[in-house]
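>>> Here is my input; please provide its structure:
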Amino acid sequence: MFRRGLFFYLLAMGAMLTSLAGQPRLVYAQQEPAPLYSTITVNITSDDITKNGNCTLREAVQAANKNAAVDKCPAGSSSSTDTIKLGTGTYILSIPGRYEHYNLTGDIDITQNVKIIGTGRSTTIVDGKALDRVFENRSTTATVTIQDMTIQNALAQSKDITLLDEGGAMANKGTLYITRVRFYNNKMSGEEDSIRGGAILSTGSLIVSDSQFEKNHAGGGGAIGSSGKLTVDKSTFKENSAYLGGAIYSSRDTATVNITNSLFQGNQGGPGGASAMMQSGAGTTTIRNSTFEGHPSGDELIWNEGTMTVRYSTFQKNEGSYIFKAAKGYLTFTHSSVKDNSGSGSAIDLLEGRLVLDRLTFSNNGGPALNMRAGDARLNNSTITMLKGNQGAINVRGGKLAIDMATIADNVAENVDDPSVTLAALNVTAGTVTLHSTILANTRDLSGDAVADCKVASGTTASRGYNLISRADGCGLQAKTGDQFGTLAKPIEPLLGELKDNGGPTYTRGLLPGSPAIDKADPVSYFATDQRVYHRPAGAHCDIGAYERGAVQ
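Residues are numbered from 1 along each chain as shown. Coordinates of the predicted model:
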């Protein structure tokens, strides 16, 4: 019985399988994941966030922020940095509503990694139309790149003194790369001495390259206000203005600034507020291969309270009272030129702190090279020449100054405010000055008459030997080994060549044949290279002053 039942069961199953074999089979394909887009192309220059069949700049950023499609903008990628492409045209922000932070009104709020790339500074323009700032990187972890465009006419207004309300064109909390971007006529409006960043305010990391900042304005940092890490390369700052730091204002003790290969031109600061740059706090600043020129009258060009190093740079044709005001901290200034500046104040005004001046040339300026009120300063391997106008070459009113292997010659020394007061190239009214292997020569008054090269009203001057002073009357120095001291009645002529390019990064004054400075410097204590970084000694001994005759690199 069991066998017969099994037989009929198997027979039925075979028939069913035979019938199924003639039917088409159903194939269930594996479902593909939704594509992850990393490039979003904006297809219209207008500003909206409405579902109407286009992809605006605001909508593209929203798609990148949310990793979801917005109108015709595809979803951004959660696993990579999205790229938003802007075509040729002017993109105008037009949705009013400041102090909103969800990218719905006012500025464009960014919260994810994104690159926004235009076609060039002259072809892609984002215009704030004074509605608000343009972009804000609101995330401390987001990396944002803005590239190849112009950002103009943005206006941020202060509500409270917070990041949310600062930065005329952009605000950054995270990491921001600015590449080939022009910032023009952007403003930060509010309490004048505390609102920062006419173009950009950054509390995170800001990296700027090959960019232009022109006619931007804020209370602090007409172009850039930074309390984080700032790096600038191959960029131009022109005619920006602020109460504090006409171009750049860096604050906080932990802030860092690194500027290379850049031009600062015609920026304006407020009274005591630094036309080009202000370093407020104990932060660190490095400037290299940069030029500061054409700044209008005012106080200082650069204000420093932290640790600042300036190398291979040029300061020329500025009209302000001072180039540097070293309020405190540590300023190292090397391998640079300060020339053709018309301001009557000193190139460097040292209020307190430490100062190192090394391998510099100060020439044809309207005021002295150094005004020292306190602190500790060293002047090495440098040339100070053809200064004209007021106060001589160096004025020491306090602190300690050591001058070593310098050439200080052919400067004008006269008190323009009171011509009855006789001045010299080196004027000491307090503090301590030491000279070593230095040329101090041929000082004249405004009428061209020879005057003493030193005047010591009070304070202390001392020689460490091997100096050449044309007219040492009034220097208060006791001659040491190797010193050559002339007088007004019997001066010593150092036989210096003209100021010119003798090699090296700065102009120098060479020694003519027969100069009493040749081979007469300290044979034991000397620098291994001269101002040009040419090797010493070239002869039997080193030469006095900043230039080594016959030296090679």
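>>> so who does L155 touch?
By Cβ atoms under 8 Å, 6 or more residues apart in numbering, the contact set of L155 is G128, A130, L131, D132, R133, G168, N186, K187, S189. C-beta here means a position set from N, CA and C on the backbone, and glycine is covered the same way.
>>> So for this protein, the centremost residue is which one?
I259 (4.0 Å; Cα atoms, centre = their mean).
>>> Wasn't that residue part of a strand?
Yes: checked against DSSP: H, G, I helix; E, B strand; the rest coil, I259 lies within a strand.
>>> Quick check, it in contact with R288.
Yes: between I259 and R288 there is a contact under Cβ atoms under 8 Å: 7.2 Å.
>>> okay, now the closest residue to I95 other than its chain neighbours: neighbour count?
For I95, ignoring the flanking residues on the chain, the nearest one in space by Cβ to Cβ, 6 or more residues apart in numbering is T105 at 4.8 Å. One way to gauge burial is a neighbour count; for T105, by other Cβ atoms under 10 Å, it gives 18.
>>> same thing with A457?
Applying other Cβ under 10 Å, I find that A457 has 11 neighbouring residues.
>>> From A406, how far off is it?
Counting by Cβ to Cβ, to the nearest Å, the separation of A457 from A406 is 22 Å.
>>> Same question for L379.
Separation of L379 from A406 (Cβ to Cβ): 5 Å.
>>> Averaged pLDDT, stretch 450-458. What do you get?
Average pLDDT, stretch 450-458: 95.
>>> swap in stretch 186-196?
77.
>>> Okay, now it: how far is its last residue from its first?
12 Å (Cα to Cα, to the nearest Å).
>>> Stretch 195-209 now?
First-to-last residue span, stretch 195-209, Cα to Cα: 24 Å.
>>> Could you shift the numbering so residue one becomes 37, and keep it that way?
Shifting the count to begin at 37 puts that one at stretch 231-245.
>>> gap between V432 and A564?
Distance from V432 to A564, by Cβ to Cβ: 28 Å.
>>> Now render the contacts of L191 as a markdown table, adding secondary structure and neighbour count.
Converted to a markdown table, these look like this (DSSP: H, G, I helix; E, B strand; the rest coil; neighbours: other Cβ atoms under 10 Å):
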| residue | secondary structure | neighbour count |
| --- | --- | --- |
| G164 | coil | 25 |
| A166 | coil | 15 |
| L167 | coil | 22 |
| D168 | coil | 24 |
| R169 | coil | 30 |
| G204 | coil | 35 |
| N222 | coil | 32 |
| K223 | strand | 24 |
| S225 | strand | 17 |
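>>> With distance to F328 as added columns, please give these in CSV.
Below are those laid out as CSV (distance: Cβ to Cβ, whole Å):
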residue, distance to F328
G164, 29
A166, 30
L167, 34
D168, 32
R169, 28
G204, 23
N222, 22
K223, 23
S225, 27
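>>> Now do the contacts for the residue nearest to the centre of the chain.
With Cβ under 8 Å, 6+ apart, I295 has these contacts: V268, D269, I284, T321, T322, I323, R324, S326.
>>> Who are the contact partners of the closest residue to I146 other than its chain neighbours?
Spatially, and ignoring its direct neighbours in sequence, I146 is nearest to N173 (5.0 Å; Cβ to Cβ, 6+ apart). If a contact means Cβ under 8 Å, 6+ apart, then N173 has I146, V180, M206, A207, N208, K209, G210, T211, L212, G240 as its contacts.
>>> what is the residue nearest to the centre of the chain paired to in the beta sheet?
As for beta bridges, I295 partners with V268, I323 under DSSP bridges.
>>> Could you do the one 5 residues further on as well?
Under DSSP bridges, the beta-bridge partners of F300 are F273, F328.
>>> buried residues in stretch 523-542?
By 16 or more other Cβ atoms under 10 Å, the buried positions in stretch 523-542 come out as P527, I528, P530, L532, L535, N538, G539, G540, P541, T542.
>>> for this protein, what spans make up the helices?
38-57, 93-102 (DSSP state H).
>>> rank those by pLDDT, which is bottom?
Mean pLDDT values for these show the minimum at helix 38-57, a mean of 44.
>>> give the contact list for F360.
So F360 contacts E336, L337, I338, W339, N340, L367, F369, A383, I384, D385 (Cβ under 8 Å, 6+ apart).
>>> Cool, thanks, signing off.
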